[in-house]
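Peer 1: what's the 3D shape of this:
(one chain, ligands or ions: 2)
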Amino acid sequence: MTEQTGVITIHHMRLHRCEGCLAACRPERGARSLVSQLKKARRSPYTAPPLNKETIKMADLKPTPPDNNAPPMPWFGMDIGGTLTKLVYFEPRETNRRELDKETEILKNIRRYLTRNSAYGKTGRRDVHLQMDNVTIRGRRGTLHFIRFPTSEVGAFLQLARSKGMATLVNTIYATGGGAYKFEVDFIKEVNMNLSKLDELDALIAGVLFVDSMNPQECYYWAPPDSITSQDTPPYLEASLSQYARKPFDFSNPYPFLLVNIGSGVSMLVVNAPNDYYRVSGTSLGGGTFLGLCCLLAGCSSFEEAIALAAAGDNTTVDKLVRDIYGGDYERFGLRGDLVASSFGHMCSAERRAKVSREDLARATLVTITNNIGSIARLCASNERLERVVFCGNFLRVNPLSMKLLSYAMSYWSRGALKALFLEHEGYFGAVGCLLHYDSKNHKREKTKSDGAPATPPEPGAADR
Ligand SMILES: Nc1ncnc2c1ncn2[C@@H]1O[C@H](COP(=O)(O)OP(=O)(O)OP(=O)(O)O)[C@@H](O)[C@H]1O
Ligand SMILES: CC(C)(CO)[C@@H](O)C(=O)NCCC(=O)O
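Peer 2: Ligands and ions are numbered 1, 2, ... in the order given. I've put the predicted structure just below:
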């Protein structure tokens, strides 16, 4: 087992997912340096060193040598977004000598509380199916835990952090997202914690590249059934969508690609290399719009409810299709009769409004938002001459319908030139990007900053274009 101080490695990782109940435990996988991973973003096949019971016992008994410069545990990365706050917690597997002497009851209690529960208070949730085991950060082996809660509950989170005594252990958290700025003062006032702020798009890309390079099945696509490519089957019908199959995509040569982060709003980034990207576009019609409109139109009270309604609905009672206008296809410009001509176009009729169901309204909202994002992404990709479009963000959580619609739209409107790709850890990349700052190189950089030296300049890509 290799452990290199100051280098982030993953020895092996277990993941299992349950979206659509695709439960699958991962085999062990390998250790590589972060720098080489991010530079090459290449996934070479890895065979984990054999781990027998004795090796494990020895490792458990033998504390790792202390790294006196390492920040004290607990280690968190945090992304405080417009809707959801994402917290990634690193749980060390072993305790080093220094910590054995010093480990406090408080630290043990925090660890126990976070790792033995999957729900925290009324709204905090741990996505157990995304857990990554045997990750090594700064020479420490451990597990990454993925936790989220609504950003509207930041106050309750701070109370909880205070009641668990976190403030006595942690004085700085690496944090990103707009909330890292908005709530900075509250963190200081309520729990005496400083936020070391990182740019959300820098953190997002670092997180995507890191997690993808660690997990051969992080990146995937939805393969359409043959009948859809033959153009005969209406793509919006459940009969077609249910036949899409999820398949792993080899993202070992990723550049250049368009990264579309669908959070509350949507950011689109052209990524040419780990440190070379720019924000090419965005739209305010994002995941927040979907949820907001579903609450208004369909009386939803949660994202999960909105998605369940949409899955059971039919948007053609709400949207006006090309065939509702033409009586069939608009052949001259290749517009099929079953395409949406006007989103919500039927809703100007009182008679239709009286008949429409909550399910249909939720479905139409989902289709409208998804298709709009798809159109902008497609235009950006073709303007920038990109072939791969990677979608992430929590709008895609438990939302295979949008992923399949995006897959169809990308391929149909580009005549097969564009490929829609998706990532398993959906909305957690910004928080992972923050956690990567525990790597000694990044940490040193942060130290220099607080020593009064000029802060690290933003990466060349950080500017909007
Ligand atoms: N449990 C949930 N509660 C609320 N929204 C959810 C939930 N699960 C998924 N979502 C969807 O995810 C979106 C938020 O995604 P994400 O966490 O990636 O963005 P954010 O960081 O909050 O927003 P932004 O990046 O724009 O600041 C919501 O707008 C909603 O569409
Ligand atoms: C403001 C952010 C970057 C916050 O994450 C995001 O919500 C977003 O990209 N909104 C879309 C803004 C626009 O480009 O219209």
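
Peer 1: quick one: name the residues of the protein near ligand 2.
Peer 2: 82, 178, 200, 263-267, 282-284 (CB under 6 Å from any ligand atom). In this view, the C-beta of every residue, glycine as well, is placed from N, C-alpha and C.

Peer 1: list only buried entries from those.
Peer 2: Using 16 or more other CB atoms under 10 Å as the burial test, these include 82, 200, 263-267, 282-283 as buried.

Peer 1: tell me where the model's unsure across the stretch 251-400 of the chain.
Peer 2: Applying pLDDT under 70 to the stretch 251-400 of the chain picks out no residues at all.

Peer 1: which residue ranges of it form helices?
Peer 2: 287-298, 303-312, 322-326, 350-355, 358-383, 400-413 (DSSP state H, counting those that start in this stretch).

Peer 1: so which elements touch the first one?
Peer 2: So that's helix 287-298. helix 303-312, helix 358-383 (3 or more CB pairs under 8 Å, 6 or more residues apart in numbering; DSSP states H and E).

Peer 1: need the winner for burial among the ones you listed.
Peer 2: Comparing these by mean neighbour count (mean count of other CB atoms under 10 Å), helix 358-383 comes out on top with a mean of 22.

Peer 1: which of the residues of the chain next to ligand 2 fall within strands?
Peer 2: Among the residues of the chain next to ligand 2, DSSP state E puts 266-267, 282-283 in strands.

Peer 1: state the pair within those that is farthest apart.
Peer 2: Distance extremes for these: the farthest pair is Ser267 and Thr283 at 8.8 Å, using CB to CB.

Peer 1: out of the buried ones among the residues of the chain next to ligand 2, who's nearest Thr104?
Peer 2: Proximity of those to Thr104 (CB to CB) peaks at Glu200, which lies at 32.5 Å.

Peer 1: and the helices of the stretch 251-400 of the chain: which comes nearest ligand 1?
Peer 2: helix 287-298 (2.6 Å; CB to the nearest ligand atom).

Peer 1: now the angle from the closest one to helix 358-383?
Peer 2: Angle of helix 287-298 versus helix 358-383, following axes from the mean of the first three to the mean of the last three CA atoms, to 10 degrees, is 160 degrees.

Peer 1: which of the residues of the chain next to ligand 2 lies closest to Pro71?
Peer 2: Comparing the residues of the chain next to ligand 2 against Pro71 with CB to CB places Glu200 closest, at 21.6 Å.

Peer 1: what sits closest to the closest one if chain neighbours are left out?
Peer 2: Using CB to CB, 6 or more residues apart in numbering and skipping residues adjacent in sequence, the residue nearest Glu200 is Thr176, 4.6 Å away.

Peer 1: surely the one you found meets Lys86?
Peer 2: No. With contact defined as CB atoms under 8 Å, Thr176 does not count as touching Lys86 (9.4 Å).

Peer 1: shared neighbours of those two, which are they?
Peer 2: 78-79, 430-431 (CB atoms under 8 Å, 6 or more residues apart in numbering).

Peer 1: looking at the residues you listed, which are in strands?
Peer 2: Among those, the ones falling in strands (DSSP E) are 78-79.

Peer 1: which of the shared contacts of Thr176 and Lys86 sit farthest apart?
Peer 2: Greatest spatial distance in those: Met78 and Gly430, 8.7 Å, computed using CB to CB.

Peer 1: intersection of neighbour lists for these two?
Peer 2: Residues touching both Met78 and Gly430 by CB under 8 Å, 6+ apart: 86, 176-177.

Peer 1: ChimeraX command to pick out the buried ones of these?
Peer 2: Of the shared contacts of Met78 and Gly430, the buried ones can be selected in ChimeraX as follows, counting by 16+ other CB under 10 Å:
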select :86,176,177
